[in-house]
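**Q** Sequence first, then the predicted structure, then my questions.
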Amino acid sequence: MIEIRRSQDRGHAQHGWLDSFHSFSFADYQDPAHMGFGPLRVINEDRVQPGRGFGTHSHRDMEIISYVLEGGLAHKDSMGNGSVIRPGDVQRMSAGTGVAHSEYNASDREGVHFLQIWIEPRERGIRPSYEEKRFDDASKRGRLRLIASADGRDGSVTIHQDASLYAALVDGDESVEFEQQPGRRAYVHVIRGEVEVNGQPLGAGDAIKLANESRVRIGRGKNAEVLLFDLA
């Protein structure tokens, strides 16, 4: 099974200070046909104006991953964590029994562009926790770099779900291939550029769902950055 989700078909919210695209149902955008894919529940592509952001608010029972594309994102939470994450950084927050946090543009002059990803945990009511790691471009160039996993292998951040998240940079003759295990599914989200996934041409903001495919092949890239989710 291969199903393409085009960028222009995503939900869109424009709040002045925030320009947000929703790959799956979120807030005022509700589409029964796009409620998630397995445990993958949210991919929001957010652009936040200088000096603005999301004030303190609460979450529970969700694995929240932030992936910054441009600028700096200032994070504070009720666990006492505070930092500015920038391109190459991956932040993971397990909300568990409940956590309050804020996310602001760290600059008063430039915008911040990032993805916020929600993955449903395999177990509810866990103790909240936080983790942040850096993955430079060289580690993603022409290869799938594991950035999040259930066991934290290869230096990835640890999420509480049977899911793995990879990032790759693909350009020109570069290509990457992922062997999909029986009974699992893959979701590929194109962050920027152009690329082909199993022969299907995709552009920035496009995504593709794959099930019962033995391999996921990503190539013919033009300055492409992609995320690949391996899901139960």
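**A** Here it is on my side, so go on.
**Q** Please count neighbours and contacts with C-alpha atoms only from this point.
**A** Noted.
**Q** Look at the closest residue to A100 other than its chain neighbours and report its pLDDT.
**A** In this structure, A100 finds its nearest non-sequential neighbour in S58, 4.1 Å apart by C-alpha to C-alpha, 6 or more residues apart in numbering. On pLDDT, S58 comes in at 96.
**Q** what's the neighbour count on S58?
**A** As a burial measure, S58 scores 13 neighbours (other C-alpha atoms under 10 Å).
**Q** does it belong to a helix or a strand, and which?
**A** Secondary structure assignment for S58, by DSSP states H and E: strand 53-59.
**Q** One more: A100?
**A** Assigned by DSSP H and E, A100 falls in strand 99-105.
**Q** From the contact counts, what lies against that strand?
**A** When contacts are defined as 3 or more C-alpha pairs under 8 Å, 6 or more residues apart in numbering; DSSP states H and E, strand 99-105 packs onto strand 53-59, strand 73-77.
**Q** how about a cut-off of 10 Å?
**A** strand 40-48, strand 53-59, strand 73-77, strand 82-85, strand 112-119 (3 or more C-alpha pairs under 10 Å, 6 or more residues apart in numbering; DSSP states H and E).
**Q** where's the shortest one relative to the chain centroid, distance-wise?
**A** Put plainly, it is strand 82-85. Its chain's average C-alpha position is 18 Å from that of strand 82-85, according to C-alpha atoms, centre = their mean, to the nearest Å.
**Q** what lines up beside that strand in the sheet?
**A** If you go by DSSP bridges, strand 82-85 pairs up with strand 73-77 (antiparallel).
**Q** buried stuff in the strand it pairs with?
**A** L73, A74, H75, K76, D77 (16 or more other C-alpha atoms under 10 Å).
**Q** Going by distance to H12, which of those wins?
**A** Nearest to H12 among these, counting by C-alpha to C-alpha, is L73 at 20.9 Å.
**Q** any idea which strand is longest in this structure?
**A** strand 215-231 (DSSP state E).
**Q** got the angle for that one vs strand 40-48?
**A** Strand 215-231 runs at 90 degrees relative to strand 40-48, counting by axes from the mean of the first three to the mean of the last three C-alpha atoms, to 10 degrees.
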